[in-house]
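Asks: no sequence for this one, just the structure:
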DNA sequence: TGCGTATATAAGCATATGCCTATATACTGA
DNA sequence: TCAGTATATAGGCATATGCTTATATACGCA
């Protein structure tokens, strides 16, 4: 693996730095199982909407996640075309499932995206 | 895997943040194959000795790498006891081998550690 | 014991990061 | 077209980060 599809140190460091934030890392772990929109993240993290938007933007800017407009909402998901996708997936597999956040959303009637 | 040996988001984020720096990530990729001491890193990165020491210290502080005094030198290596060791190893496997740095060291007669 | 080499720590500085509030833009539906 | 909801951007602030130089500490050897 190492030789053929190795990711450059630079690109990997950029991706890892983004993953090194607790909020973004949790977002990514959620996205590994469920697409989400910004307003859902706002509910989950109890954080201002602009803060969430900025986190999302950073990950979108490097291609780590992708967006898809669905009516009024913009739904985000992991980008399988991302050069570091395999690495990201690998990392996320070491982390605990974050379904409780989604279940909480549903209970509060705040779940938007339908998959 | 996910359930049993999952790393907490907090701990993973801390580890990933440290890996998100190009210098430290390169160090780790080197350490995946070879033990190294601080003065070798100083040569490799062409950076001040205190800067290298600080990078090393951060990784040592969270247990990601370990030290072993060998005479005059302190040799660093990946810590297999580190809770996130598997994740770290996994990430490093996605990166290109950094042997050229070691070969360069040897050519310049600056290689210290013997393995 | 004292010099030379290796490493660590302290202090300072410039830049990066993450959060906030205020405001702009985009889409939906009446 | 206008109100309401969702998202993005701008600007500001406090803290974190990475680097440097200066200095302290630790070890090996004459």
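Replies: That came through, no problem. Note that the coordinates shown come from a computational prediction; the quantities given were computed from them, not determined experimentally.
Asks: Quick one: name the residues of chain A near DNA strand C.
Replies: Applying Cβ under 7 Å from any atom of the strand, we find that chain A lies next to DNA strand C at A:17, A:20-21, A:23, A:47-48, A:50-51, A:54-55, A:58, A:69, A:71-72. Quick note: C-beta positions are derived from backbone N, CA and C, even for glycine.
Asks: Quick check: mean pLDDT of stretch A:9-16?
Replies: Mean pLDDT, stretch A:9-16: 98.
Asks: who's in contact with it?
Replies: With Cβ atoms under 8 Å, 6 or more residues apart in numbering or on different chains as the test, stretch A:9-16 has contacts from A:7, A:62, A:64, A:83-84, A:87-88, B:16-17, B:19-22, B:25-26, B:29, B:91, B:94-96, B:98.
Asks: Apply 10 Å and report the result again.
Replies: A:6-8, A:20, A:58-59, A:61-64, A:82-85, A:87-88, A:91, B:15-26, B:28-29, B:91-92, B:94-96, B:98 (Cβ atoms under 10 Å, 6 or more residues apart in numbering or on different chains).
Asks: Start and end of stretch A:37-52, how far apart?
Replies: 10 Å (Cα to Cα, to the nearest Å).
Asks: quick one: that stretch near DNA strand D?
Replies: Yes. For stretch A:37-52, a contact with DNA strand D is found by Cβ under 7 Å from any atom of the strand, at A:37, A:38, A:39, A:42, A:49, A:50.
Asks: top helix in chain A by residue count?
Replies: helix A:49-61 (DSSP state H).
Asks: I'd like to know which of the contacts of stretch A:9-16 are buried.
Replies: A:7, A:20, A:58-59, A:62, A:64, A:82-85, A:87-88, A:91, B:15-26, B:28-29, B:91-92, B:94-95, B:98 (16 or more other Cβ atoms under 10 Å in any protein chain shown).
Asks: Which neighbouring elements make contact with the longest helix of chain A?
Replies: Packed against helix A:49-61 by the contact rule (3 or more Cβ pairs under 10 Å, 6 or more residues apart in numbering or on different chains; DSSP states H and E) you find helix A:9-19, helix A:22-31, strand A:36-37, helix A:38-45, strand A:65-70, strand A:73-78.
Asks: Provide a list of residues in contact with the residue nearest to the spatial centre of chain A.
Replies: Nearest residue to the geometric centre of chain A (Cα atoms, centre = their mean): residue A:28, 3.0 Å. Counting by Cβ under 10 Å, 6+ apart, residue A:28 touches A:18-19, A:21, A:59, A:64-65, A:78, A:88-89, A:91-92, A:95, A:98, B:9.
Asks: Where does pLDDT dip in chain A?
Replies: Scanning chain A for pLDDT under 70 picks out A:1-4, A:113-115.
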